[in-house]
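>>> Next input, structure requested:
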Amino acid sequence: MLLRRPHPLVLSITLLFLGATLLLANWQYQKGKARMRSGEAYQHVLNDKPLPLNMELARAEVWRAYVVTGHWLQSGAILLDNQMHGELPGYLAIAPFQLANGKVVLVKRGWIPRDLPATAIPQPATGLQTITLRVVPFKFRYLALSNEQIAGQVWQNLDRVAYERMIGHSLDACAEQLDSDRVLTRDWMPPDDGAFKNFSYAGQWLLFAVVALILFVRSHWKQKDGTDR
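Predicted coordinates:
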């Protein structure tokens, strides 16, 4: 036998560390694969024509564009603070849109610069509207530079529970508005791939596991004469 018997505590700590690093490596790897699939799905439908909605939007294909009819819920029109467009700070205009079937969609209406006068910020139109939306994944945590999460129409972060309570409806889906607008910027960025970063993190965790295993073996290795290394 070339390895001396390890202390139970050392063995336990080593096994726990190896298990944790391998789990983290797999977690990052799976996140990278999911991001790759999301990017591929986006590219697959990017140039497709918008489809008429014939199902609940919650079951619609993510990243696909649909033509929907309904009306804006004016009470839910807010501005999400600290949203960057390139290097310019600004707001993301958000409002709920109620479809003809009664379901409510959280719609990202567009980006506006921070220095735009409040009177120039367009409010959602009233009455029955037909708009074009691209279904996107929900996101409810954004960069917050202030501890004051809600200040009138301006929100630092989009708290789903608080927002649904305010509008009196549950959100069925999330989408980006694609119709052109003279004030609101709607050149939406493609989904952040970021898969390489996740695969890199996975490799780092695997490296930690390999180094730990090498150190464990080296510290318990015996020479042929039976002496410790």
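>>> and Leu178, what is it in contact with?
50, 65, 132-134, 186, 188 (CB atoms under 8 Å, 6 or more residues apart in numbering). C-betas here are computed from N, CA, C, even on glycine.
>>> where does it fall, phi/psi-wise?
Phi and psi for Leu178, reported as degrees, to the nearest 10, are phi -110, psi -10.
>>> Next, the buried residues of stretch 180-194.
184-186, 191 (16 or more other CB atoms under 10 Å).
>>> whoops, I mixed them up, stretch 119-132
Applying 16+ other CB under 10 Å to stretch 119-132 flags 124, 131-132 as buried.
>>> just stretch 46-59 next, same as before
For stretch 46-59, using 16+ other CB under 10 Å, the buried residues are 53, 57.
>>> Now tell me what touches it from outside.
Under CB under 8 Å, 6+ apart, the answer for stretch 46-59 is 60, 63-68, 99, 101, 103, 105, 132-133, 135, 172-173, 175, 178, 190.
>>> List just the nearest of the contacts of Leu178 to Ala41.
For the contacts of Leu178, the closest approach to Ala41 (CB to CB) belongs to Arg134, at 11.7 Å.
>>> Just checking, which helix or strand of the protein averages the lowest pLDDT?
strand 150-151 (a mean of 55; mean pLDDT, DSSP states H and E).
>>> State the next helix or strand along the chain beyond it.
Counting by DSSP states H and E, the element after strand 150-151 in chain order, helix or strand, is strand 154-155.
>>> gap between the next helix or strand after that next one and the chain center?
Toward the C-terminus, strand 154-155 is succeeded by helix 160-167 as the next helix or strand (DSSP H and E). The chain centroid and the centroid of helix 160-167 are separated by 19 Å under CA atoms, centre = their mean, to the nearest Å.
>>> Could you report the neighbour count for Thr69?
Neighbourhood size, Thr69 [other CB atoms under 10 Å]: 14.
>>> Spatially, and excluding backbone neighbours, which residue is closest to it.
Thr130 (4.8 Å; CB to CB, 6 or more residues apart in numbering).
>>> Settle this for me: that neighbour is touching Tyr66, isn't it.
No - the criterion here is CB atoms under 8 Å, and Thr130 misses it with Tyr66 at 11.0 Å.
>>> Check which helix or strand Gln83 maps to.
strand 78-85.
>>> Can you name the element that comes right after that strand?
According to DSSP H and E, the helix or strand after strand 78-85 is strand 88-99.
>>> quick one: strands adjacent to that next one?
If you go by DSSP bridges, strand 88-99 pairs up with strand 65-72 (antiparallel), strand 78-85 (antiparallel), strand 104-113 (antiparallel).
>>> circling back to that earlier point, which ones among the buried residues of stretch 119-132 map onto strands?
Secondary structure from DSSP state E places 131-132 of the buried residues of stretch 119-132 in strands.
>>> Looking at the buried residues of stretch 119-132, spot the one nearest Ala195.
Thr132 (28.7 Å).
>>> Low-confidence stretches in this structure?
1-3, 44, 54-55, 118, 140-152, 192-194, 222-229 (pLDDT under 70).
>>> ok, the residue positioned nearest the centre of it to Leu92 distance?
Nearest to the geometric centre of the chain sits Lys139, at 5.1 Å (CA atoms, centre = their mean). As for Lys139, its distance to Leu92 is 10 Å (criterion: CB to CB, to the nearest Å).
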